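Engineer: could you look at this predicted model? Sequence included:
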Amino acid sequence: MTSLSLERIDATLDANRSKLRKTPALSVPLVLAPTANTVVAKFELYQVTGTFKARGALANIRERVEDARRCGVTAVSAGNHAIATAFAAASVGANAKVVMTATAPAVRVQRCEALGAEVVLAADVHRAFDIMDELVSNEQRVVIHPFEGVTTAAGTAGVGRELAVEYPDLGAVVVPVGGGGLAAGVAAAIKQTLPQ
């Protein structure tokens with residue numbers, strides 16, 4: 001098991017800094033709440049691709065940059081991760097071929113294409129993963145996973161690290177969970193930065 005140390009989190013955050021933004025956080029008093037609590041929201045929608053996904057995609061592609069440049073990268077996504085993968089590939093001069101479901105919003109497909117990615121549409125998510133596996137087998141493309149792995153968590157940990165440094169008096173942090181990559185990264189950064 002590989003540790004997600006604060007040193008690794010900071011190194012990933014520093015490496016990503018030239019391509020990504022430190023997203024804003026805003027403190028909002030809860031005037032209708034019975035206590036004097038305040039909510040702080042971290043606005044990852046202002047990240048260069050519109051979501052936190054660019055943090056993990058960029059961290060992953062940097063880890064295998066030579067393979068990515070030689071063979072290209074691939075990913076499965078309905079939108080946000082596909083856009084992040086296209087962005088990350090373009091940022092290091094790699095070719096991206098992203099597999100999206102046929103139901104993906106046209107604007108997301110167009111955004112991937114605008115970033116230089118080839119978009120392959122699949123009938124459903126199961127077929128999308130089959131196509132991605134074929135791309136790996138036939139073209140040796142590097143898979144940029146949307147949520148698995150310590151490298152993805154090291155990238156997403158930047159969200160938590162930025163938040164904890166800016167707001168060191170946080171009492172609790174609420175993170176949405178899909179695949180778990182964002183939650184794992186944020187939890188690791190928060191707990192190590194603010195052990196209390």
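Structural biologist: Nice, I can see it.
Engineer: how's the protein carved up into domains?
Structural biologist: Domain assignment for the chain by automatic domain parsing gives 6-51+154-193, 53-143.
Engineer: could you find the closest non-adjacent residue to the residue nearest the centre of the chain?
Structural biologist: In the chain, the residue lying closest to the centroid (CA atoms, centre = their mean) is residue 53, at 2.2 Å. Leaving out its chain neighbours, the residue that sits closest to residue 53 by CB to CB, 6 or more residues apart in numbering is residue 84, at 3.7 Å. The C-beta positions use only the backbone N, C-alpha and C, and glycine is treated the same way.
Engineer: tally up the residues packed near residue 124, please.
Structural biologist: 11 (other CB atoms under 10 Å).
Engineer: repeat for residue 55
Structural biologist: 31.
Engineer: count the neighbours of residue 92 for me.
Structural biologist: Neighbours of residue 92 (other CB under 10 Å): 16.
Engineer: now it, nearest residue through space, not along the chain?
Structural biologist: residue 65 (5.3 Å).
Engineer: same check on residue 46?
Structural biologist: Nearest to residue 46 is residue 23, by CB to CB, 6+ apart, at 5.0 Å.
Engineer: can you give me the helices for the protein?
Structural biologist: Ranges of helices in the chain, per DSSP state H, are 6-16, 53-63, 65-71, 80-92, 106-114, 125-139, 150-166, 181-193.
Engineer: which other helices and strands contact the helix or strand of the chain with the lowest mean pLDDT?
Structural biologist: The least trusted helix or strand in the chain, going by mean pLDDT, DSSP states H and E, turns out to be strand 25-29, with a mean of 84. The contact analysis (3 or more CB pairs under 8 Å, 6 or more residues apart in numbering; DSSP states H and E) places strand 25-29 against strand 38-42, helix 150-166.
Engineer: is it possible to get a markdown table of the ones you listed that adds mean pLDDT and distance to residue 176?
Structural biologist: Shown next, in a markdown table, are the helices and strands packed on strand 25-29 (pLDDT from 0 to 100; distance: least, CB to CB, whole Å):
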| stretch | mean pLDDT | distance to residue 176 |
| --- | --- | --- |
| strand 38-42 | 88 | 11 |
| helix 150-166 | 97 | 11 |
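Engineer: single out the most deeply packed of these.
Structural biologist: Scoring the helices and strands packed on strand 25-29 by mean neighbour count under mean count of other CB atoms under 10 Å gives helix 150-166 as the most buried, with a mean of 24.
Engineer: relative orientation of it and helix 6-16 in degrees?
Structural biologist: Helix 150-166 and helix 6-16 are oriented at 90 degrees to each other (axes from the mean of the first three to the mean of the last three CA atoms, to 10 degrees).
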